[in-house]
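Asker: here is a sequence together with a model predicted from it:
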2 protein chains.
Amino acid sequence: MALVVQKYGGSSFETPDAIMLVAKRIIDTYDSCNDVVVVVSAKTGVTNRLIALTHELCISPEGPDYDLVIATGEQTVVGLLTLCLNNMGYKATSYLGWQVPVITDSNHGRASITSVEPGRIQKDLKKGAIVVVAGFQGISDKGRVTTLGRGGSDVTAVALADVLGADICEIFTDLDGIYTADPTICKEARKIDKISYDEMLELASLGEQALQVRALEYAKYHNVTLCVRSQFNRNAGTLVTTEDEDMERIIVSGIVYDKNEAKIAVMGVPDKPGIAAKILTALADADISVDMIVQNVSQAGLADVTFSISKSDLELARKITNAIAAEIHAKEVIADEKISKISIVGLGMRNHAGVAARMFSALAFNNINIQMISTSEIKVAVAIEEKYTELAVRVLHETFGLSY
Amino acid sequence: MALVVQKYGGSSFETPDAIMLVAKRIIDTYDSCNDVVVVVSAKTGVTNRLIALTHELCISPEGPDYDLVIATGEQTVVGLLTLCLNNMGYKATSYLGWQVPVITDSNHGRASITSVEPGRIQKDLKKGAIVVVAGFQGISDKGRVTTLGRGGSDVTAVALADVLGADICEIFTDLDGIYTADPTICKEARKIDKISYDEMLELASLGEQALQVRALEYAKYHNVTLCVRSQFNRNAGTLVTTEDEDMERIIVSGIVYDKNEAKIAVMGVPDKPGIAAKILTALADADISVDMIVQNVSQAGLADVTFSISKSDLELARKITNAIAAEIHAKEVIADEKISKISIVGLGMRNHAGVAARMFSALAFNNINIQMISTSEIKVAVAIEEKYTELAVRVLHETFGLSY
């Protein structure tokens, strides 16, 4: 008998029929001699509607009362799914965050889990019950309801899998698992059977949507094996787990793109120490995080500083940069929304030289110009013109032999 | 400094502007040197929508998970109102039922409060905070969320007023208070300034909608002074309190009608002991409560048994009655939906003879035939043809001198 933690997202609860399908899948898992703990998100769109309600009353709603409102989304789903399981003749017990309890800090709206008490759930499992837990929420040591922020239900699932010593934590999504590239733009993309935490972390932070970075970090740190699989079929999915020798032999595991970045170039800056720092400090003060940065000397004594940021930060970043550009007598500030970031990720890069060179050559051969580069031990990311995104993904997928 | 408990109903929270109006009223009360504890209902219609969701998944949803779903309505409002108060610069603290805690039995869907712990709320009040509590919900000794059933928020308000030793428990409604008759059909109706628990209990059980019987019983038992007043203006409202000599001098305090009853007559029943009991037992077994009952001998050895029930029970009651009528060889069963119950209520009836006679004469003088009668120490109720409802109310209002 295994202990399985299953996490279902908002799209699994959009209609009564969808809820019943989830219930049937849970029952199938239970009837195959498993203990089952289910973690649920709010129905798609509900959390955003609740957030909108709070914004109708306050300019910047936050704190325990904000959390009280938005925690109702998961509460409704927990109740409905448990009712449904009981109605199908199975013993199921519902838990809100405070009932588990999932204890968090008091950082309302984006709280971190500090501990989870497994006792009550373990008792229910021993009695043969299916346990259904509201994701995304906890309770602070002050007795207030907290929420964990975007992707919080995944974190709840991983934390429960950890303290309960689950054999696996299944994350259900719209796709069959993690792919070597986005299958909607690259027909040759194939599902990855097994991937390491580190690779998955890179993919997630570079644009892969299936898993949230926070949940992955938690899983890696606590060594919780994840399985990303489809809510629509019974295919095996992708295992996310500790790395092994097989994984290290693969140079590139996956290719991701992110169209959500924009670029700002400050041209003709006096090439003196501290200029780039000045710009970046001002952006950091405004809570804007900068992704890639390039500085190159253009003419005698003058440099260009180019950096990428999230598209949503572009307006504010441009204002701040313009002010500093005037101050430091830069020649020009150019903003460009039409960029895209393409990244290749693979454990094998550690031991294989020349991976970046192969990537750049393949792009150059297809006349795709590279605007910025950033690398880590297991990834190479480049910024290119947005219109080349799909082409670049297909070229790299071919180059690194991911299609077969 | 007084301690005021205020309860706002669902129609007070229909729009962001309405919520802000409630917040302003609370602040006005607080700024007039009062401690304020606010109890809220869910937004109008929300609880019914949540109940509908559960019915899409189960034929007869019930138990702790049903309560989990429908308790979200009040939770959302508590969060929003508290956010709003904080946003207006006032310190406000939110409480769900389990956070107070409001402890109930495990009778999910219609739980009764067994105790309320005032400690946490008292601490917040001492710190100068406004306290906002979700009505309608509590926690069982098994740690499960419970709901109190229809009108539960009024019960929460009264229970809090009791344990906190509040000076007054204000119940906000759409009307200025309790009227001598429904002002929409009787122009001469006037607001009652003060009424006893017993009279108010009779009025509520006879059709007056402003207060629920359960909350009134709780208030009477624990001696909590209520004030029913308008959410739209600052008029004084109606005090519901222990009886005094002034009240006893008033023979009739109010007149209510209820169009929600139907009548079944079983004609030509053998006039033997136990026949009426047989019918009533069968109805009770089907959970149908009978209001008025009349039995009269019509012909030699034959009797008619007539009783009134809620309109919604008519179909089932008719079936049950037909079956028994066949069994006991009754001649005929006649059902009539077109009846109405008119009641007069007043403490003064105890000491004044002839009140019923005056009522019957007035109705007879206006050609309104009385079909059934029931009385208590402080009320007389009659069933009449439905079309005479408004006329009867106006006639009795005039007869008992309520207009001036």
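Answerer: That came in fine, so what should we check first? Numbering: from 1, shown residues only, chains lettered A, B, ... in the order given.

Asker: against the centre of chain A, work out the most remote residue.
Answerer: Here chain A reaches farthest from its C-alpha mean at residue A:300, the gap being 43.4 Å by C-alpha atoms, centre = their mean.

Asker: which residues does it contact?
Answerer: With contact set as C-beta atoms under 8 Å, 6 or more residues apart in numbering or on different chains, residue A:300 has no partners. From N, CA and C alone the C-beta is placed, and that goes for glycine too.

Asker: and for residue A:212?
Answerer: By C-beta under 8 Å, 6+ apart, the neighbours of residue A:212 are A:150, A:151, A:154, A:155, A:204.

Asker: what does residue A:128 give?
Answerer: residue A:91.

Asker: ok, it to residue A:134 distance?
Answerer: Separation of residue A:128 from residue A:134 (C-beta to C-beta, to the nearest Å): 22 Å.

Asker: equivalent analysis for residue A:40, please.
Answerer: Counting by C-beta to C-beta - residue A:40 and residue A:134 are separated by 6 Å.

Asker: between these two, what contacts are shared?
Answerer: With C-beta under 8 Å, 6+ apart as the test, residue A:40 and residue A:134 both reach A:74, A:77, A:78.

Asker: the first one contacts residue A:38, correct?
Answerer: No: under the criterion of C-beta atoms under 8 Å, residue A:74 makes no contact with residue A:38, lying 11.8 Å away.

Asker: could you find the closest non-adjacent residue to residue A:259?
Answerer: Excluding the flanking residues, the one nearest residue A:259 by C-beta to C-beta, 6 or more residues apart in numbering or on different chains is residue A:340, at 5.0 Å.

Asker: an error on my part: the question was meant for residue A:349.
Answerer: With C-beta to C-beta, 6+ apart, the residue lying closest to residue A:349 is residue A:355, at 4.9 Å.

Asker: next, the distance between the ends of stretch A:256-264.
Answerer: Length of stretch A:256-264, first residue to last, C-alpha to C-alpha, to the nearest Å: 22 Å.

Asker: how about it: buried residues?
Answerer: Of the residues in stretch A:256-264, A:256, A:257, A:258, A:261, A:262, A:263, A:264 count as buried by neighbour count, 16 or more other C-beta atoms under 10 Å in any protein chain shown.

Asker: now that stretch: average pLDDT?
Answerer: Across stretch A:256-264, pLDDT averages out at 94.

Asker: ok, stretch A:334-351 next?
Answerer: 93.

Asker: circling back: of the shared contacts of residue A:40 and residue A:134, which are in range of chain B?
Answerer: Counting by C-beta under 8 Å from any C-beta of the partner chain, residue A:78 from the shared contacts of residue A:40 and residue A:134 sit close to chain B.

Asker: can you list the shared contacts of residue A:40 and residue A:134 in JSON lines and add secondary structure, pLDDT and neighbour count?
Answerer: Converted to JSON lines, the shared contacts of residue A:40 and residue A:134 look like this (DSSP: H, G, I helix; E, B strand; the rest coil; pLDDT from 0 to 100; neighbours: other C-beta atoms under 10 Å in any protein chain shown):
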{"residue": "A:74", "secondary structure": "helix", "pLDDT": "97", "neighbour count": "30"}
{"residue": "A:77", "secondary structure": "helix", "pLDDT": "98", "neighbour count": "29"}
{"residue": "A:78", "secondary structure": "helix", "pLDDT": "98", "neighbour count": "27"}
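
Asker: quick check, nearest of the shared contacts of residue A:40 and residue A:134 to residue B:249?
Answerer: Here the nearest of these to residue B:249, counting by C-beta to C-beta, is residue A:78; it sits at 56.5 Å.

Asker: my guess is the closest one meets residue A:99, correct?
Answerer: No: look at residue A:78 against residue A:99 with C-beta under 8 Å: they stay out of range, at 9.8 Å.

Asker: in stretch A:8-17, what's buried?
Answerer: Here stretch A:8-17 shows A:8, A:9, A:10, A:11, A:12, A:13, A:16 as buried, counting by 16+ other C-beta under 10 Å.

Asker: I misspoke; the intended subject was stretch A:49-57.
Answerer: By 16+ other C-beta under 10 Å, the buried positions in stretch A:49-57 come out as A:50, A:53, A:54, A:57.

Asker: again, but for stretch A:24-35
Answerer: Within stretch A:24-35, the residues that qualify as buried are A:25, A:26, A:27, A:29, A:30, A:34, A:35, counting by 16+ other C-beta under 10 Å.

Asker: repeat for stretch A:34-49
Answerer: Buried, per 16+ other C-beta under 10 Å, within stretch A:34-49: A:34, A:35, A:36, A:37, A:38, A:39, A:40, A:41, A:42, A:43, A:46, A:47.

Asker: which ones among the residues you listed lie within helices?
Answerer: Using DSSP state H, the members of the buried residues of stretch A:34-49 that fall in helices are A:46, A:47.

Asker: next step: the buried residues of stretch A:34-49 restricted to strands.
Answerer: Assigned to strands by DSSP state E, the following of the buried residues of stretch A:34-49 qualify: A:34, A:35, A:36, A:37, A:38, A:39, A:40.
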